[in-house]
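# How does the following fold in three dimensions:
(one chain, ligands or ions: 2)
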Amino acid sequence: MIRIKTNAEVELMRESALLVSSTLASLASLLKPGVTTAQLDKRAEEFILDHQAVPSFKNYRGYPYATCISVNDAVVHGFPNNKELKEGDLVSIDVGVYKNGFHGDSAYTFGIAPVAEPHQLLMKVTRDSLLMGIEKATAGSRVGDISFAIQDFTERKHKFGVVRELVGHGLGRQLHEDPQVPNYGKKGTGPKLKENMVIAIEPMINMGTKDVIYDADGWTVRTKDGMFSAHYEHTVCIKRGKADVLSSFSEIVAAENANTFLFSGY
Ligand code: MF3
Ligand code: CO
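Ligands and ions are numbered 1, 2, ... in the order given. Have a look, this model is predicted:
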């Protein structure tokens, strides 16, 4: 069942989503060679708790951390660990917060400078595919219109691999609600989008094969061929004509641009 939000609920969700964005921005300023993803996770958790919220992911189905930090060939659900980041790493950070009864969910892929050119393209194409999906997230369209837009751009145009095993999702009082929002599919198919549905759109795009494998930890998803992967995610409210994006990359991009250790393509 797809839950439609009231306007007041959408505003609470915006607050949660923007707190995720601020959390990601605060991590952006810490990123540099030598930092560990465990340090980033600790900072994220403190930041979230300091803002009268709790991390959505911690203890969700037994997930043990506040964030998912997936480096290089890790696609999503990477465990923060004590390995030091280094030049050329792609660091995908996924954060969820629960505040005032509602979840916000957003992810961003950072590059530790210098980033190899093919990886720069992977970042740009993945992020642009999210924007193309968002363009289709309007009342009267169908979920498949979003899915098709993402797949057409990343797979048919750029020959990258769209991960099939994991998908975007509705969210609200629960982190995962209906509908599922795949990053692959056919136009004109799937549930119809209505005003004030809120969904997380989150393309997970691989340089090479779409196929993935799971680590022994039971969570970390990696590319089967070891090539790099990127992941961007926004919390999006469906509206007529143009979606209302509840999370924001502006503060993150500002922090990225201000941090000389980061590649900033935008
Ligand atoms: N954005 C991801 C998702 O919606 C993060 C979930 S991680 C988990 O699936 F630990 F909470 F599962
Ligand atoms: Co999500």
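# Which residues of the stretch 1-150 of the chain lie near ligand 2?
Contact residues (Cβ under 5 Å from the ion) of the stretch 1-150 of the chain with ligand 2: residue 105. (Each C-beta comes from the backbone N, C-alpha and C, glycine too.)
# measure residue 121 to ligand 1 for me?
For residue 121, the distance to ligand 1 equals 23 Å [Cβ to the nearest ligand atom, to the nearest Å].
# tally of neighbours for residue 242?
12 (other Cβ atoms under 10 Å).
# Helices of the stretch 51-200 of the chain, start to end?
For the stretch 51-200 of the chain, the helices defined by DSSP state H, counting those that start in this stretch occupy 117-135, 143-151.
# Point out the most buried one among these.
Mean neighbour counts were taken over the helices of the stretch 51-200 of the chain using mean count of other Cβ atoms under 10 Å, and the top value, a mean of 25, falls to helix 143-151.
# which residues touch it?
Applying Cβ atoms under 8 Å, 6 or more residues apart in numbering, the contact partners of helix 143-151 are 129-130, 132-137, 162, 168, 179-191, 193, 201, 203.
# Could you identify the buried members of those residues?
Neighbour counting with 16 or more other Cβ atoms under 10 Å marks 129-130, 132-134, 136-137, 162, 168, 179-185, 190, 193, 201, 203 as buried within the contacts of helix 143-151.
# Could you pick out the residues of this protein near ligand 1 for me?
57, 60-61, 63, 68, 77, 94, 105, 169, 200, 202, 233 (Cβ under 6 Å from any ligand atom).
# between these, which is closest to residue 142?
Residue 142 lies nearest to residue 169 out of the residues of the chain next to ligand 1, by Cβ to Cβ, at 15.8 Å.
# contacting residues for the closest one?
Residue 169 sits next to 175-181, 199-200 when contact means Cβ under 8 Å, 6+ apart.
# Those in strands, which ones?
177-181, 199-200 (DSSP state E).
# Format those as CSV; extra columns: pLDDT.
Putting these into CSV (pLDDT from 0 to 100) gives the following:
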residue, pLDDT
177, 98
178, 98
179, 98
180, 98
181, 99
199, 99
200, 99
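# Sounds good, over and out.
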